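# Let me see the structure of the following:
(chains A and B)
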Number of protein chains: 2
Amino acid sequence: MKDEFEWIRVIRKRAQRGAPELVVGIGDDTAILERSAETWWLLTTDAVIEGVHFRREYTPAYWLGQKALAVNLSDIAAMGGRPRFFLLSLSVPADLPEEYLEEFVEGILAAADRYATVLIGGNLAASPAGFSATVTVLGDCPAHQAVRRDGAQPGELIYVTGWLGLSALGLKLLEDGYRWDAALPERVRRPIHAHLVPEPRLAIGQYVARERLARAMIDVSDGLAQDLFHLCRESHVGAVVHAEALPLVVEAREFGVDPLVIALHGGEDYELLFTVKEEHASRVEEMRAQFPDLPLTCIGRTLEEAGRIYLERAGRWELLPPRGFDHFRARTRTP
Amino acid sequence: MKDEFEWIRVIRKRAQRGAPELVVGIGDDTAILERSAETWWLLTTDAVIEGVHFRREYTPAYWLGQKALAVNLSDIAAMGGRPRFFLLSLSVPADLPEEYLEEFVEGILAAADRYATVLIGGNLAASPAGFSATVTVLGDCPAHQAVRRDGAQPGELIYVTGWLGLSALGLKLLEDGYRWDAALPERVRRPIHAHLVPEPRLAIGQYVARERLARAMIDVSDGLAQDLFHLCRESHVGAVVHAEALPLVVEAREFGVDPLVIALHGGEDYELLFTVKEEHASRVEEMRAQFPDLPLTCIGRTLEEAGRIYLERAGRWELLPPRGFDHFRARTRTP
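Okay, the predicted model is just below:
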C-alpha cells in the first residue's frame, strides 16, 4: 500500500484543475479561494477517529470536542488566517453513551465560541465501529497575505513555537495508564494536557503573516522531521536542524522516552514552523514581547539542497529521514 | 438515545450564532454565506460509510466514488445552486485493497469533472473498521436565489422529480444477492443502478431557482415522508400527498416489496421535492419540455396545519408519521 503522503501526491496530480477563484488547491495547510480583491477564504478538513487518533477510555469527551476543532484551526493558523465557520460530520457507534456525545458537542461549541468560529452545518450518521468526527473549517485572511509552504528560500532561519514532543509524551503516558487529573504532578499533567487539548497557534500565525515576517509556514502535526520535509519539498530547499537548539521535553527521559526522538518524530504538537529571512531576525526578537508565554526557538536554517533535511549534533551532520506518523502504517499514535 | 433529527435540533439550538456573512446556518440542505452583493456561497457535508451506507461486496469502488460526491451535490441541487469545489476526507481500513481505493479516487474525480467541481483539499487517515469518505462541497448561486426549505405557503402544489423508492428497491435486490451487471434485465438493473449511482438533479434545481418557480425545496434522501415533513416543519405548513399520484416503482411487487411503502419511507432517492404556487402550474408544464427524460409529478399540496402530513388514498385521509431512515436506529438501509 502507498503511504499517506504518496496517496496525497497521486491524488493531487490527478486532481489538478484550475478554476477562476482558486488560488491554491491540494498541497498546503489549507486551500485558498479568492473571495474578493481584499479577502481570501481558506478551507481545510481533518478528522479525529477512535482507535486511530484517540481511545475513548482516556479521552474526556468535552476535550475531544475541543480537539476536533483545534486540529483544523491549527491548519488555519499555519496560513496566518482567522477561522470563521465550520461544518461537523459525526459518525456515532451504537455503544456510545449519550452523555459522551453531549459532552463532545458542548466541548466543540465551547471551542467554537472561544475562537469565534460558527457551526453552520453538518451530518450525523451511524458508525460500524468507533466514534469519529470530521470537521471542515472555512477561514479568511487579507488577500495575498496567506503564508504558504512553498515560499522559503535557502539561507533562511527556521523557527518553531512551543515544545516539540510534548503531545507524544502525553500519549505515551496515557497509553501507560495515566489518566487526566488536575491534581497530577506538573511533569505528567502538562504533556497529557498538550495531547488531549492542543492549542492552535492562531495569534502568532496571524502576527507573522500580517508582519510579512514568515516566508513559509506549516503546522507540526506529523512530527518535525515530516513537516519540515513537506515545507522544504514545496519550497525546493533543504534544511539543517540543530539538535542542541530544539525545544525538547527533557522530562521525557524520566519515563524512558528519548526527548530528541519524540521532538523529531512525535505527532500532534500542532506548533507552527516557519522560516524568516536572516536580516529579519531582530524583528523576531520584537515579536517575542508580544507572545511572552510561548517559547519561540530558532532551530536551524534552510539550505540549497532541495528536499534534504540534516540533523546537526555536536558538529556532525546526518541525513534525517522524513519519518513521522503515517496513518496507513500505524494505529493509535505512539512515539 | 435521541434520534438523528433530535440531535440535529439540539445542536442547531445550541449553536445558534450570527456572523456578518451568514445567511443560513444549520437546518437547510446547505448553509449559505454571502460572498458579495451578487453571489452566495453554499456549503454542505455528507458521508458514505461502509456497513452503514454500503457494503463493499456489492459496491463497485468507482461508483462509490461517484456516489460520495453525488450525495453532496444533491444538497447543492436542492438549493438551486451550482457545485464549485470540494474537500475529501477518507478513512481507510488496513484490509482495503489498494485497487479499491484507486478506483474510488478515479470515480470521484470523474464525477468531479462531469459536474465541474474541483477537488481542493482533504485528509487521509486510517480506519479501525470500514472504509468511509466524508465530502464537503462548496457551491454558489446568484445572491437571494437559493431555494430554502422554509418558503412554502399553504395551498401550494408539491412536485417531485423522478421515481420514489427506486433506490430502496435497488438496495433490497443487492441485499438479496443480485450484483450489478450491465446484462441484467431492466427491472433489476434500473433500481440497482439508481441505488449505486444516484444522479444529482442539478439542472432542474437550478432551473426552478432561476425561474423563481419553487417556493421551497429539499432533496429526498431519507424518504418522502421524512423529507416532506422537514420542509413542512421549516415552512410552518402541513401537506397532503395523493397515494395514487405518486411516481411508484410498480415492479417492486415482483420482488415482494410494496411500492407505496418504499416510495414513502425508502431512502437515498436523491430526487428533488418542491412547492409551486398554484397559479404557476402552467409554468411547470413549460418546464417539462426542458427536461423530457425526467418525470416530474404533482403529488399533493400544502395545507395550513403546520407539521402534519396526510396520505390520501381512495378519498380517505390518514396521518403519515415522519418515519424514514434514521441513521441511529438502523445499520445498512433496508426498505
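# can we go C-alpha only for contacts and neighbour counts from here?
Fine.
# did I read that right, residue A:32 in a helix?
No. Counting by DSSP: H, G, I helix; E, B strand; the rest coil, one finds residue A:32 to be strand, located in no helix.
# isn't it right up against residue A:22?
Yes. Counting by Cα atoms under 8 Å, residue A:32 does reach residue A:22; the two are 6.4 Å apart.
# Same drill for these two, tell me which one is more crowded.
Ranked by neighbour count (other Cα atoms under 10 Å in any protein chain shown), residue A:32 and residue A:22 place residue A:32 first, with 29 against 18.
# so how far is stretch A:231-250 off the chain centroid?
15 Å (Cα atoms, centre = their mean, to the nearest Å).
# Quick one: end-to-end distance for it.
Criterion Cα to Cα, to the nearest Å; first-to-last residue distance in stretch A:231-250 is 26 Å.
# Please tell me how far the residue in the stretch 151-300 of chain A positioned nearest to chain B sits from residue A:229.
Among all residues of the stretch 151-300 of chain A, residue A:222 sits closest to chain B, at 12.0 Å; criterion: Cα to the nearest Cα. Using Cα to Cα, one obtains 11 Å as the distance from residue A:222 to residue A:229.
# List of residues touching stretch A:160-173?
A:188, A:190-196, A:223-224, A:246-249, A:252, A:257, A:259, A:261-269, A:271-274, A:294-299, A:333-335 (Cα atoms under 8 Å, 6 or more residues apart in numbering or on different chains).
# Buried only: go through these for me.
The neighbour-count criterion (16 or more other Cα atoms under 10 Å in any protein chain shown) marks A:188, A:190-196, A:223-224, A:246-249, A:252, A:257, A:259, A:261-269, A:271-274, A:296-299, A:333-335 among those as buried.
# buried set for stretch A:276-284?
Quick answer for stretch A:276-284 (16+ other Cα under 10 Å): A:276, A:277, A:284.
# gap between the two ends of it?
8 Å.
# which residues are in contact with it?
Outside stretch A:276-284, the residues that touch it by Cα under 8 Å, 6+ apart are A:155, A:156, A:157, A:158, A:159, A:213, A:214, A:215, A:216.
# so how far is residue A:80 from the last one?
When you say that, I think you mean residue A:216. 10 Å.
# now do residue A:278
20 Å.
# Equivalent analysis for residue A:252, please.
Counting by Cα to Cα, the gap from residue A:252 to residue A:80 is 31 Å.
# what do you get for residue A:55?
Distance from residue A:55 to residue A:80, counting by Cα to Cα: 31 Å.
# So for those two, which sits in the more crowded spot?
Higher neighbour count among residue A:55 and residue A:80: residue A:80, with 32 against 16, using other Cα under 10 Å.
# Now do the phi/psi pair for residue A:120.
phi -120, psi 0 (degrees, to the nearest 10).
# Now tell me what touches stretch A:132-140 from outside.
Around stretch A:132-140, the neighbours that count as contacts under Cα under 8 Å, 6+ apart are A:39-50, A:68-69, A:72-73, A:76, A:81-92, B:89, B:134, B:136.
# Am I right that residue A:257 falls within a strand?
No. Assignment of residue A:257 by three-state DSSP gives coil, placing it outside any strand.
# Quick check on it: phi, psi?
phi -110, psi 140.
# Which residue is the nearest non-sequential neighbour of it?
Counting by Cα to Cα, 6 or more residues apart in numbering or on different chains, the nearest residue to residue A:257 once its immediate chain neighbours are dropped is residue A:169, at 7.6 Å.
# Going by neighbour count, list what's buried in the helix or strand in which the one you found is found.
Taking DSSP states H and E as the definition, residue A:169 sits inside helix A:166-175. Neighbour-count burial for helix A:166-175 flags A:166, A:167, A:168, A:169, A:170, A:171, A:172, A:173, A:174 (criterion: 16+ other Cα under 10 Å).
# Tabulate these (TSV), appending distance to residue A:208.
Formatted as TSV, these follow (distance: Cα to Cα, whole Å):
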residue	distance to residue A:208
A:166	23
A:167	24
A:168	27
A:169	28
A:170	29
A:171	30
A:172	32
A:173	34
A:174	34
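# Now do the contacts for the closest residue to residue A:323 other than its chain neighbours.
Spatial nearest neighbour of residue A:323, chain neighbours left out: residue A:226 (5.6 Å); criterion: Cα to Cα, 6+ apart. Residues near residue A:226 by Cα under 8 Å, 6+ apart: A:265, A:321, A:322, A:323, A:324.
# for those, which one is nearest chain B?
Nearest member of the contacts of residue A:226 to chain B, counting by Cα to the nearest Cα, is residue A:324, at 13.7 Å.
# Now render the contacts of stretch A:276-284 as a markdown table, adding pLDDT, secondary structure and neighbour count.
What follows is those, written out as a markdown table (pLDDT from 0 to 100; DSSP: H, G, I helix; E, B strand; the rest coil; neighbours: other Cα atoms under 10 Å in any protein chain shown):
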| residue | pLDDT | secondary structure | neighbour count |
| --- | --- | --- | --- |
| A:155 | 98 | coil | 18 |
| A:156 | 98 | coil | 23 |
| A:157 | 98 | strand | 25 |
| A:158 | 98 | strand | 26 |
| A:159 | 98 | strand | 20 |
| A:213 | 97 | coil | 19 |
| A:214 | 98 | coil | 28 |
| A:215 | 98 | coil | 22 |
| A:216 | 98 | strand | 26 |
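# ok, which pair from those is furthest apart?
A:155 and A:213 (14.8 Å; Cα to Cα).
# residues from the stretch 101-250 of chain A in reach of chain B?
Residues of the stretch 101-250 of chain A found near chain B (Cα under 8 Å from any Cα of the partner chain) are A:105, A:109, A:118-130, A:134, A:136.
# switch the cut-off to 7 Å
Applying Cα under 7 Å from any Cα of the partner chain, one finds that the stretch 101-250 of chain A approaches chain B through A:109, A:118-129.
# Retrieve the pLDDT associated with the closest residue to residue A:227 other than its chain neighbours.
In space, and not counting its chain neighbours, residue A:227 is closest to residue A:220: 5.7 Å by Cα to Cα, 6+ apart. On pLDDT, residue A:220 comes in at 97.
# residues contacting residue A:220?
A:227, A:268, A:269, A:270, A:271, A:272, A:273 (Cα atoms under 7 Å, 6 or more residues apart in numbering or on different chains).
# Alright, calling it a day.
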